[in-house]
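**Student:** Provided below are the primary sequence and the corresponding predicted coordinates.
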Amino acid sequence: MTKFVDSIRLAFENELARDKDLIVIGQGVWSPFYVGSSMKDLDKKFGKERIIDTPVSENAVTALALGYALMEKPIVVIHPRMDFMILALDAIVNAAAKWRYSLDWKTPIPLTIRAMINRGGEQGAQHSQALHSWLSHVPGLRVVMPSQPQDAYELLVQSIRSPDPTIFIEDRWSYDINSEFTFNQNLQPLALEGPKVLVEGSQITVVGIGHSTNLIIDSLEFLRGRGIAEVIDLRVVKPLKIETILSSLAKTKRLLVVDASWNDSGVAGEVISMVMEKIDFQLKLQPQRLTLPESPAPTSSSLESAYYISGSEIHKKIEKMLKSLT
C-alpha cells in the first residue's frame, strides 16, 4: 500500500536518478509546508542545483522553466497553490502552449507544470480554486488530474517524459489516499492515456475528475448492493477522450459527472456535451453533473461543509437518478 503523496515523491526520485538533465524548480520545494512530504530530502539526495527553491515570482519562474525546456531538457516547475499560478498564465498560455506549434511540432518541449489544489481548512476564496477547465481550453497543453497513488506516480513520470508541455494537477485532499501500488517500468507515452474504469457496475456510469473520483468511491458505501455504479476516473482532462465512457454508457444508459469545480463552462459539461454529440443509442435519463455552487469558496468551516461535495451528496444524487424514469 502506498499513499498518493508518497507515490509523487517516488516518481521524482526515480526520474531524477534516470535523467541527469531533469531539474525541479518552484517556491517552497525544500519545505514540507508548501509541498508536504512529496519532495522530502530530494534536495539532499540530488543537490540544490537540481532541486531549486525559487522566489515568489510565478510568471518569471515558469518562463525560466520554459527556456530550459526549449533546450529539449526536462524540467518540472512547481506551483504549491494553483490560485497563484494565474500569475504565470502568460508563460503557460501565450508561450509554452504555442512553441511546439510554432516549431512545426518537431521540437519537444519537455515542460511539466505541477499545480496543487488546496481546499478546506478555512483557507478562503483565493486559496481554494480548481482551475483545470481554464487550462483544458488551450490547444498545445496536456492536462492530467490523478486521483489514485498508482496514477499519481505513472502520470507524473509520463508527464516528465512527454514532448508536450503538460499541466499535472493534484489535489491535497488526495494526499492520504492509500491503495495498492505496483512499480511499472514500461509506461506507455502520455498521449495514449485516457479514462479508466475503477469500479464496474451496471446501472449508472459515474465519471469523476481528480479527487472527485475518491468521493465517488466513498459514496458507494451508501449504495444498497454491489455492481450498481460504474466508476470512471477521467485522469486526462486535455485532450479529452470519451470512448471508455461511451462503452460504459452502452451498458448503464445513465451518466453522472462529478467535478469539484464550478458548473459554468466546466469540464463536467464538456464531458456531457461530447457524449451527446457522439452517442448512437438512447439513454434512460438525461446526463447530469454534480459541481460546486456558483460562489467563491467560503472561509467558515461550517459553510465549507455545505459548499464542498461529499460522498453522501453523491450517493443521494445517484439514488435520485436511479429512481427516475426514462
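**Tutor:** Sure thing, it's come through.
**Student:** give me the element L66 is part of.
**Tutor:** Following DSSP states H and E, one finds L66 within helix 58-69.
**Student:** now what about the helix or strand just after that helix, what contacts it?
**Tutor:** Moving toward the C-terminus from helix 58-69, the next helix or strand (DSSP H and E) is strand 75-79. Contact with strand 75-79 is made by 12, 22-29, 35, 39, 58, 61-62, 65, 68-69, 85, 88, 110-116, 160, as judged by Cβ atoms under 8 Å, 6 or more residues apart in numbering. To be clear about C-beta, it is placed using only N, CA and C from the backbone, and glycine gets the same treatment.
**Student:** which of these fall within strands?
**Tutor:** Using DSSP state E, the subset of the contacts of strand 75-79 located in strands is 23-26, 111-116.
**Student:** now tabulate these in TSV and tack on pLDDT.
**Tutor:** Shown next, in TSV, are these (pLDDT from 0 to 100):
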residue	pLDDT
I23	98
V24	98
I25	98
G26	96
L111	98
T112	98
I113	98
R114	98
A115	97
M116	96
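**Student:** got these as JSON lines, with distance to Q123 and neighbour count columns?
**Tutor:** Converted to JSON lines, the ones in strands among the contacts of strand 75-79 look like this (distance: Cβ to Cβ, whole Å; neighbours: other Cβ atoms under 10 Å):
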{"residue": "I23", "distance to Q123": "30", "neighbour count": "20"}
{"residue": "V24", "distance to Q123": "25", "neighbour count": "26"}
{"residue": "I25", "distance to Q123": "24", "neighbour count": "19"}
{"residue": "G26", "distance to Q123": "19", "neighbour count": "24"}
{"residue": "L111", "distance to Q123": "28", "neighbour count": "31"}
{"residue": "T112", "distance to Q123": "25", "neighbour count": "28"}
{"residue": "I113", "distance to Q123": "21", "neighbour count": "28"}
{"residue": "R114", "distance to Q123": "19", "neighbour count": "26"}
{"residue": "A115", "distance to Q123": "16", "neighbour count": "25"}
{"residue": "M116", "distance to Q123": "12", "neighbour count": "22"}
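**Student:** of the residues you listed, which is the nearest to L131?
**Tutor:** Distances from L131 to the ones in strands among the contacts of strand 75-79, taken as Cβ to Cβ, are shortest for A115 (8.1 Å).
**Student:** is it true that that closest one touches F168?
**Tutor:** Yes. Judged on Cβ atoms under 8 Å, A115 makes contact with F168 at a distance of 7.0 Å.
**Student:** just the pLDDT for G47.
**Tutor:** The score at G47 is 97. That number is its pLDDT.
**Student:** got it, and G225?
**Tutor:** As predicted, G225 sits at a pLDDT of 61.
**Student:** which parts of the helix or strand of the chain with the lowest mean pLDDT are buried?
**Tutor:** Counting by mean pLDDT, DSSP states H and E, the weakest-scoring helix or strand in the chain turns out to be helix 32-35, with a mean of 85. For helix 32-35, burial by neighbour count (16 or more other Cβ atoms under 10 Å) applies to 34-35.
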